[in-house]
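*Asks:* Dropping a prediction and its sequence here:
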Amino acid sequence: QKEVEQNSGPLSVPEGAIASLNCTYSDRGSQSFFWYRQYSGKSPELIMSIYSNGDKEDGRFTAQLNKASQYVSLLIRDSQPSDSATYLCAVNIRPADKLIFGTGTRLQVFP
Amino acid sequence: AAGVIQSPRHLIKEKRETATLKCYPIPRHDTVYWYQQGPGQDPQFLISFYEKMQSDKGSIPDRFSAQQFSDYHSELNMSSLELGDSALYFCASSLVGTSTDTQYFGPGTRLTVL
């Protein structure tokens, strides 16, 4: 079992809809949680970081963390075709520790 | 804002050759990480350095070595290259001791081994 699990998708949503991306992790000692967006052949780009239980909003993006359930999610409101990419969930156990990535969820937003 | 710089962006090598990848972290960042991403795979951690000392080691082959220099830039040296080493190599940097430990990624080096 991978330490960080994501549904590989593709997740297809129409333009303007809400896209919901989910991630579970196995190590209860995990402290920091990140969502990166990666376009094909490009580097991971940080979308959101979250460290405590609850919701964190930044523009059209909302990250949700539930440590008891070992679950992290990312909601993208008003999805745009330019949001079409692979979304990587990443976790680390200690500050400045290596990131453990999920396999990524491919999101497709169609006009 | 300044980002992580990696060079070269593309590199083509023959089997059994050597390659050196360079990474220049965001100014004032003191920690550098190297990741390898094969086709269709998620990034895999190779090695990290904090204040010029190796801080963690992942699934890095013995044929690979790395170091961080006094100006905080880092180099990944790869010898006896194999076809399976063809991948995207990302460097990331962070600043330890701040309220966050966010890693920012460079544009990557695409290594092709023929």
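*Replies:* Yep, that arrived.
*Asks:* which ones are touching residue B:41?
*Replies:* By C-beta atoms under 8 Å, 6 or more residues apart in numbering or on different chains, the contact list for residue B:41 reads residue A:103. Yep, even glycine has a C-beta here, placed from its N, CA and C like the rest.
*Asks:* name the element it belongs to?
*Replies:* Per DSSP states H and E: residue B:41 is located in neither a helix nor a strand.
*Asks:* Report pLDDT for it.
*Replies:* pLDDT for residue B:41: 93.
*Asks:* where are the low-confidence patches of chain B?
*Replies:* B:97-100 (pLDDT under 70).
*Asks:* Give me the distance between residue A:73 and residue B:56.
*Replies:* 28 Å (C-beta to C-beta, to the nearest Å).
*Asks:* Let me fix that, I meant to ask about residue A:106.
*Replies:* Residue A:106 is 29 Å from residue B:56, by C-beta to C-beta.
*Asks:* likewise residue B:67?
*Replies:* Residue B:67 is 14 Å from residue B:56, by C-beta to C-beta.
*Asks:* And for residue A:85?
*Replies:* For residue A:85 relative to residue B:56 (C-beta to C-beta), the value is 28 Å.
*Asks:* If you count surrounding residues, which of those two has more?
*Replies:* Shown here are residue A:85 and residue B:56; by other C-beta atoms under 10 Å in any protein chain shown, residue A:85 has more neighbours (20 against 16).
*Asks:* okay, residue A:71: pLDDT?
*Replies:* 96.
*Asks:* Need the phi and psi values for it.
*Replies:* Phi and psi for residue A:71, reported as degrees, to the nearest 10, are phi -140, psi 130.
*Asks:* what's the nearest residue to it if we skip its chain neighbours?
*Replies:* The shortest distance from residue A:71 to any non-neighbouring residue, by C-beta to C-beta, 6 or more residues apart in numbering or on different chains, is to residue A:24 (5.4 Å).
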